[in-house]
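J.: The amino acid sequence is not available; the structure is as follows:
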């Protein structure tokens, strides 16, 4: 499983749903040498109100979230962490709809429990498809992922993003996400 965070190179796209090739070229990995400069430019330009980007999630040769799913990263990462925490707290499932682009993410334990696998799903808003634009994505993606792989990858990728944002110093709106990440780690420790 792979989760990678990308910043948009700009705060505005001429057309929200450019071709997938154009979108790929419109983003930069937070692991890039230029990422901090792009972050600074984006946050300075919009006075820290939002941070366009995407979280690309792939597993078993399937891509769940793509560049087409871009949104405010400071909404996306807290939503992923909230979903994961909800799942760990109830042991069965977690969902989130806290995106401005209408995405719904979910994780659900697959029976029998001994397999420790989860069904991860992404549902896109019908509005995505009602615009008559031919998008290279499906309305809904689902796939089975090994639970420990999912949890470890979410934790590592969330830490990478939150540490990256802390370098800038304008990440005060992520304090709840940081707290949820620590709760997730504590719950996982108690399960071992």
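T.: Received it, and whenever you're ready, just let me know what you need. As the structure is a computational prediction, the values presented were derived from the model and not from experiment.

J.: tell me the pLDDT at the spatially most central residue of the chain?
T.: Most central in the chain under Cα atoms, centre = their mean is residue 55, positioned 3.9 Å from the mean C-alpha point. What the model reports for residue 55 is a pLDDT of 95.

J.: which residues sit in contact with it?
T.: 3, 4, 5, 6, 65, 69, 73, 76, 77, 80, 157 (Cβ atoms under 8 Å, 6 or more residues apart in numbering). Bear in mind the C-beta positions are built from the backbone N, C-alpha and C, glycine included.

J.: Using pLDDT, spot the least trustworthy of those.
T.: residue 69 (84).

J.: got the phi/psi numbers for it?
T.: Backbone geometry at residue 69, expressed as degrees, to the nearest 10, gives phi -90, psi 20.

J.: returning to that earlier point: determine which two of the contacts of residue 55 are furthest apart.
T.: Within the contacts of residue 55, 69 and 157 form the most distant pair, 15.2 Å apart (Cβ to Cβ).

J.: which residues of this structure fall in strands?
T.: 2-8, 27-29, 52-59, 62-65, 71-72, 93-96, 104-109, 117-123, 140-146 (DSSP state E).

J.: just checking, residue 92 touches residue 108?
T.: Yes - the pair residue 92 and residue 108 qualifies as a contact (Cβ atoms under 8 Å) at a distance of 6.9 Å.

J.: which stretches of the chain have low pLDDT?
T.: Low-confidence regions of the chain, defined by pLDDT under 70, span residues 12-24, 98-99, 111-114, 125-138, 192.

J.: circling back to that earlier point, residue 121: which of the contacts of residue 55 is nearest?
T.: residue 65 (11.1 Å).

J.: Neighbours of the residue nearest to that closest one when sequence neighbours are not counted, how many?
T.: Nearest residue to residue 65, sequence neighbours excluded (Cβ to Cβ, 6 or more residues apart in numbering): residue 57, at 4.4 Å. Residue 57 has 26 neighbours, counted by other Cβ atoms under 10 Å.

J.: need the contact list for residue 57.
T.: 1, 2, 3, 63, 64, 65, 120, 122.

J.: what bridges to it?
T.: Beta-bridge partners for residue 57, by DSSP bridges, are residue 3, residue 65.

J.: Tell me how far it lies from residue 107.
T.: The gap separating residue 57 from residue 107 is 11 Å, by Cβ to Cβ, to the nearest Å.

J.: With residue 52 instead?
T.: Plainly put, residue 52 is 25 Å away from residue 107 if you go by Cβ to Cβ.

J.: ok, now residue 124?
T.: 17 Å.

J.: what does stretch 88-107 contact?
T.: Counting by Cβ under 8 Å, 6+ apart, 65, 69-72, 75-76, 78-80, 82-87, 108-109, 118-125, 127-128, 150-151, 184, 187-188 sit against stretch 88-107.

J.: how about the helices of the protein, start to end?
T.: Ranges of helices in the chain, per DSSP state H, are 20-25, 35-45, 73-90, 126-129, 147-168, 175-191.

J.: Now for residue 116: which residues touch it?
T.: Contact partners of residue 116, counting by Cβ under 8 Å, 6+ apart, are 146, 147, 148.
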